[in-house]
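Colleague: can't give you the sequence, but here's the structure:
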């Protein structure tokens, strides 16, 4: 008998994890259970997986800086490694599990290898002498689905579009228009930020483009973002969850701290300019409108969603976000990282259908999002738009890169 098509294992004290746990677990607490020691095991009875599946892990690492700043994790299924990650913050991780891994067994044995488990009594001032690694709140196993639109071309993984090397990009605006047939403001409007901060939204402003976007000037943990996408950001805009807080030095600005999904964002309203009660009502109405607009665009948009984070992001986290965006309707996600020696600035590559990885020369400093690389973002967005159009037969023809 196949396993359930949508299996959810909850690790809370009242959850259903006991029937699936092997060794390497502490007793469940109110909302999670600690993985302990070097390895933890999850055992799922089954006869055969029907097609590939997606395994997700909702985890919070045990950290105690500066002595312990990460938890390394390797995930294997029936002895075959399906992925790894370095976890430095609360994360939702996703891995593809090939159907063939269950063919020779009557069970799925999921092994979490976490070599950095440590005792709070050793690295901190706690009396807890357990070797703690990850606090796991939920594990799911779901069927993998084809997220491509009917009729779309499958671009091969590894397809790369780089910048020309002969200097023809000296006038970047002209180059971008030749490549896309669009002006710079029009190019900027083809994208929507889904985090992690306001840098991309400020770049759009520099392009003289002002799209309305729920996450354009906000930040939150990716696991909160994914939870919001999965449940349609239900409850966003509840006035009780909105807290304006003055921040800054000489000229203090009201920042909104939203508690339902952990959003933090700019209001561009400064001290003394507006009453708190009025600001909360206005932000409630604004969030309600932007929530509806975001979900409508997710259900039928041709926009490319952009995600960047100023520090390292696990591919397993990006895969989880990609899956969440595509559970409602096919979407394209551009994951942007800092350039590497074999991936110079401006390069964009296809990781899988609908998932692009772009390389930029630099990100803005974490304390000054205005100090961004305008040219770097324009190069990445232009090449990402070209690749996205290659997957759409009905798209406007792409102008050649020649004069």
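Modeller: Perfect, I can see it now. Every value quoted in this text rests on a predicted model; they were computed, and no experiment measured them.
Colleague: For stretch 237-254, buried residues please.
Modeller: Across stretch 237-254, burial judged by 16 or more other Cβ atoms under 10 Å covers 237, 241-242, 244, 253-254. Yep, even glycine has a C-beta here, placed from its N, CA and C like the rest.
Colleague: Specify which member of those is nearest to residue 356.
Modeller: residue 237 (31.2 Å; Cβ to Cβ).
Colleague: Three-state assignment for the closest one, please.
Modeller: coil (DSSP: H, G, I helix; E, B strand; the rest coil).
Colleague: Could you report the distance from it to residue 171?
Modeller: 44 Å (Cβ to Cβ, to the nearest Å).
Colleague: Just give me the longest helix of the chain.
Modeller: Taking DSSP state H as the criterion, the chain has its longest helix at helix 276-300.
Colleague: Could you check it and say which residues are buried?
Modeller: So, applying 16+ other Cβ under 10 Å, buried residues of helix 276-300: 279-280, 283-284, 286-287, 290-291, 294-295, 297-298.
Colleague: which stretches of this structure have low pLDDT?
Modeller: Counting by pLDDT under 70, the chain has low-confidence residues at 1-5, 47-50, 102-105, 145-158, 163-170, 301, 392-403.
Colleague: Walking through the stretch 1-150 of the chain, point out its helices one by one.
Modeller: 120-123 (DSSP state H, counting those that start in this stretch).
Colleague: re the thing from before, which one of the buried residues of stretch 237-254 is nearest residue 328?
Modeller: Closest to residue 328, out of all of these and judged by Cβ to Cβ, is residue 237, at 19.5 Å.
Colleague: Contact partners for the closest one?
Modeller: Contacts for residue 237 were tallied using Cβ atoms under 8 Å, 6 or more residues apart in numbering; they are 284-285, 287-288, 291.
Colleague: If we use 7 Å, what do you get?
Modeller: 284, 287-288, 291 (Cβ atoms under 7 Å, 6 or more residues apart in numbering).
Colleague: Could you save the residues you listed as CSV and add columns showing distance to residue 188?
Modeller: Conversion of these to CSV gives the following (distance: Cβ to Cβ, whole Å):
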residue, distance to residue 188
284, 28
287, 23
288, 25
291, 22
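Colleague: Residue 335 is in what secondary structure piece?
Modeller: Assigned by DSSP states H and E, residue 335 belongs to strand 332-338.
Colleague: mind listing what that strand pairs with, with the direction of each?
Modeller: strand 304-308 (parallel), strand 355-360 (parallel) (DSSP bridges).
Colleague: ok, then the element right after the shortest one?
Modeller: The element immediately downstream of strand 304-308 (helix or strand, assigned by DSSP H and E) is helix 315-328.
Colleague: Packing partners of that next one?
Modeller: strand 91-97, helix 222-230, helix 276-300, strand 332-338 (3 or more Cβ pairs under 7 Å, 6 or more residues apart in numbering; DSSP states H and E).
Colleague: can you state the direction angle for it and strand 355-360?
Modeller: Counting by axes from the mean of the first three to the mean of the last three Cα atoms, to 10 degrees, helix 315-328 lies at 130 degrees to strand 355-360.
Colleague: Check the offset of helix 315-328 from the chain's centre.
Modeller: 7 Å (Cα atoms, centre = their mean, to the nearest Å).
Colleague: who touches it?
Modeller: So helix 315-328 is contacted by 54, 56, 83, 85, 91-95, 147, 222, 225-226, 229-230, 298-299, 305, 307, 331, 333, 335, 354-355 (Cβ under 7 Å, 6+ apart).
Colleague: doesn't residue 20 make contact with residue 42?
Modeller: Yes - using Cβ atoms under 7 Å, residue 42 is in contact with residue 20, at 5.4 Å.
Colleague: how close does residue 327 get to residue 229?
Modeller: Counting by Cβ to Cβ - residue 327 and residue 229 are separated by 8 Å.
Colleague: where do the strands sit along the stretch 101-250 of the chain?
Modeller: Ranges of strands in the stretch 101-250 of the chain, per DSSP state E, counting those that start in this stretch, are 107-113, 132-143, 160-161, 191-193, 218-219, 242-247.
Colleague: Out of those strands, flag the one nearest residue 28.
Modeller: That would be strand 132-143 among the strands of the stretch 101-250 of the chain, by Cβ to Cβ, at 9.7 Å.
Colleague: picking that back up, specify the next element, helix or strand, located C-terminal of the strand holding residue 335.
Modeller: Downstream of strand 332-338 (by DSSP H and E), the next one is strand 348-352.
Colleague: That following strand versus strand 91-97: what angle between them?
Modeller: 60 degrees.
Colleague: So which elements touch strand 348-352?
Modeller: Using 3+ Cβ pairs under 7 Å, 6+ apart: strand 348-352 touches strand 355-360, helix 374-390.
Colleague: now these as TSV including distance to residue 60 and mean neighbour count?
Modeller: What follows is the helices and strands packed on strand 348-352, written out as TSV (distance: least, Cβ to Cβ, whole Å; neighbours: other Cβ atoms under 10 Å):
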stretch	distance to residue 60	mean neighbour count
strand 355-360	25	24
helix 374-390	31	22
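Colleague: which one of these lies closest to residue 7?
Modeller: Per Cβ to Cβ, nearest to residue 7 of those: strand 355-360, 24.5 Å.
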